[in-house]
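Undergrad: A structural model of the following input is requested.
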Amino acid sequence: MSMPTSTIVKAQRVRIIREIESAAAHDLTGRLPWRPSWAVYFGDRAGLLDALATRRQCLAFIRVEDLPPSIGTAALVRRIRKSDAGLERILRRYGQLEAA
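TA: Okay, the predicted model is just below:
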């Protein structure tokens, strides 16, 4: 049984955003990665920036104290902080956030 197209598109968007998060956590330049094939999922770079801003907002709502201790909350907190910092660099560089 194949997945509906909308489910496939959502899964691809999530995969791409996570790929960018991972790269951004280590790239201090704040450069926005872009591949022409991503236009199918985000339209253009502006659409991708909007998706990254939404992802960053979602990360802000995670309440670590509500997570079960079995998932390794200390490691998760480090990963969230690195992802947030990387996304913040991208969004600042492209004018999506005001300078602090």
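
Undergrad: CA only for contacts and neighbour counts going forward, please
TA: OK.

Undergrad: Show me the helices in the chain, by range?
TA: Assigned by DSSP state H, the chain shows helices spanning 5-24, 39-42, 45-60, 73-93.

Undergrad: Redo the ones you listed as TSV? Include mean neighbour count.
TA: TSV is the format used below for those (neighbours: other CA atoms under 10 Å):
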stretch	mean neighbour count
helix 5-24	15
helix 39-42	14
helix 45-60	16
helix 73-93	18
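
Undergrad: and those as JSON lines, adding mean pLDDT and distance to D66?
TA: Output for the helices of the chain, formatted as JSON lines (pLDDT from 0 to 100; distance: least, CA to CA, whole Å):
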{"stretch": "helix 5-24", "mean pLDDT": "93", "distance to D66": "23"}
{"stretch": "helix 39-42", "mean pLDDT": "94", "distance to D66": "32"}
{"stretch": "helix 45-60", "mean pLDDT": "93", "distance to D66": "14"}
{"stretch": "helix 73-93", "mean pLDDT": "89", "distance to D66": "10"}
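
Undergrad: Including distance to P33, could those go into CSV?
TA: As requested, the helices of the chain are exported to CSV (distance: least, CA to CA, whole Å):
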stretch, distance to P33
helix 5-24, 7
helix 39-42, 12
helix 45-60, 9
helix 73-93, 9
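
Undergrad: L32 is nearest to which of the ones you listed?
TA: helix 73-93 (6.0 Å; CA to CA).

Undergrad: Which strands and helices lie in contact with that closest one?
TA: Helices and strands touching helix 73-93, by 3 or more CA pairs under 8 Å, 6 or more residues apart in numbering; DSSP states H and E, are helix 5-24, helix 45-60.
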